[in-house]
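K.L.:
The amino acid sequence is not available; the structure is as follows:
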């Protein structure tokens, strides 16, 4: 199968091709029964504009078919709402946290592609009380305006874990029901200690730790989990993208068409802007999904 | 309702009556519609031989009716297999860990009332590969003989967390699917790091920490939970005893009558032996449930 793609960021390794999430259109189908010319796909593949894949390569590639869910003109949705961030938000909220209507959720990295989507889904699907934490007053205003967060916590104004806990407790005096974890470190511990009975944490990443040589460990008092019946669960989006779990694509597509959720992107233009886009993830320079347009 | 009871151990507080799990028979029913004379009950109540309970007191007492499941001559089963340890083992294994047939489980404090029962249930209900850890060669022999453990790890022969991990890895080179947590500390961390994909931990206690002033925290690398899809869940037995969750009493009763599981008790005689029985829990002097017979 031959596919023409655009890219976002993924994992790196010196000397290896950069692999990440791409979207594209099939321009020539050879030995694949699954994709015909004109089909739109998302995939985890090396960053290149033309993908020439053998049946063998296809068999171990994470791919999901987008033809029924978007037009060629809105392909970048396959990198956001209908891609990795969307499936991470959807899977983590709907199938890992499993909200009850009206519960309270705290979402870290709430201005990012995943966190913002969690806010929108928690409000539109479950009418949750939504608390987002992010860095700076400007982002705090944005997540309330664009991502349906009821409350925003500026973590940069919180000196330490205790200050973060106090800020959340002021908003939710009886504690939180759920925490969507994107950050690690003090956020994780503050959230764990803020959970009330039957609370749960979905863990999908720890961006505060990605650039550290030794993984920092979070410290928890396990007896708190016992007496409060707490659950911590880690996950990655792959089973939802593959359609092995839940109903990610059809539900997100419906919510999108009904206007209940809306895409947010920060677009960088041209392959030469790749470094700037990458840096934005770690310096807080983005709202929503970072996309590099290479055409 | 007036009830005659025998006791086991529970929580303490200076100046307060000692409260714990008791079993007994209704000897006079007054304003309760739930218990008639001759009914057998388990309950969490102060340690005393006669319980005289008002409707108000009954309404906030954890009680479970045993009349259909045991005879007066085997009342102590209501402190073990059909009581707190049984419901903790059953709930944690069946409804929290949710085993697949043939999976590998590591159980800590495997010679204790809860741990031993987990071993028996994991083998008889799910044909799991069962690994139990306990202190000393004698207990290691006992858990294999009496609790259906395939393998035993003497934690006292393991100098630290890494040695404990190595001992388990030798038995289960590809890692474990489940860990039943009774202990805390190094055991928890060793087990967490030994879990393979889709692994889970049921946390019901941390006996190594009960006597410490400040709760020791366990340290985990949360990214391991992400990449391996791990779940950690805390629980207490109350919902299973109350019949709000699962089918604890009927299933345990059936397994017991079929001879698939067997009670194990260490009996102390007379109220004056209470202190000795209590100490046995912390010094490793018991096999199975510690029961104090006060008649």
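P.N.:
Looks like it came in fine. Keep in mind that this is a model prediction, so the values were computed, not measured.
K.L.:
For the stretch 151-295 of chain A, just list every one of the helices.
P.N.:
Secondary structure of the stretch 151-295 of chain A (DSSP state H, counting those that start in this stretch): helices at A:161-171, A:186-194, A:222-228, A:238-241, A:248-257, A:274-283.
K.L.:
Just the buried residues of the last one, please?
P.N.:
Of the residues in helix A:274-283, those with enough neighbours to count as buried (16 or more other C-beta atoms under 10 Å in any protein chain shown) are A:274, A:277-278, A:280-281. No exception for glycine: its C-beta is placed from N, CA and C like everyone else's.
K.L.:
next one: the longest one
P.N.:
Using 16+ other C-beta under 10 Å as the burial criterion, the residues of helix A:161-171 that qualify are A:161, A:164-165, A:167-168.
K.L.:
Format the residues you listed as JSON lines; extra columns: pLDDT and distance to chain B.
P.N.:
JSON lines is the format used below for those (pLDDT from 0 to 100; distance: C-beta to the nearest C-beta, whole Å):
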{"residue": "A:161", "pLDDT": "94", "distance to chain B": "12"}
{"residue": "A:164", "pLDDT": "96", "distance to chain B": "16"}
{"residue": "A:165", "pLDDT": "97", "distance to chain B": "15"}
{"residue": "A:167", "pLDDT": "97", "distance to chain B": "21"}
{"residue": "A:168", "pLDDT": "97", "distance to chain B": "19"}
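K.L.:
Tell me which residues touch residue A:82, please.
P.N.:
Shown in contact with residue A:82 (C-beta atoms under 8 Å, 6 or more residues apart in numbering or on different chains): A:42, A:66, A:69-70, A:249, A:252-253, A:256.
K.L.:
if I pick the nearest residue to residue A:40 once chain neighbours are set aside, what's in contact with it?
P.N.:
Spatial nearest neighbour of residue A:40, chain neighbours left out: residue A:66 (4.3 Å); criterion: C-beta to C-beta, 6 or more residues apart in numbering or on different chains. Applying C-beta under 8 Å, 6+ apart to residue A:66 gives the contacts A:23, A:40-42, A:77-78, A:82, A:249.
K.L.:
ok, now residue A:164?
P.N.:
A:133, A:153, A:155, A:158, A:186-187, A:190.
K.L.:
Flag whichever of those residues scores worst on pLDDT.
P.N.:
Confidence by pLDDT is poorest for residue A:186 among the contacts of residue A:164, given 89.
K.L.:
Report how many residues lie close to that residue.
P.N.:
By the measure other C-beta atoms under 10 Å in any protein chain shown, the count of residues near residue A:186 is 19.
K.L.:
Cross-check the contact I'm expecting between it and residue A:159.
P.N.:
No. Using C-beta atoms under 8 Å, residue A:186 is not in contact with residue A:159, being 10.0 Å away.
K.L.:
what does the stretch 151-295 of chain A have sitting close to chain B?
P.N.:
Taking C-beta under 8 Å from any C-beta of the partner chain as the contact definition, the stretch 151-295 of chain A meets chain B at A:181, A:184, A:188, A:203-206, A:209, A:215-236.
K.L.:
try 7 Å this time
P.N.:
Taking C-beta under 7 Å from any C-beta of the partner chain as the measure of proximity, the stretch 151-295 of chain A contacts chain B at A:184, A:188, A:203-206, A:215, A:217-223, A:225-236.
K.L.:
Which ChimeraX command selects the buried ones in those?
P.N.:
The ChimeraX selection below is limited to those of those classed as buried (16+ other C-beta under 10 Å):
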select /A:184,188,203,204,205,206,217,218,220,221,222,223,225,226,228,229,230,231,232,233,234,235,236
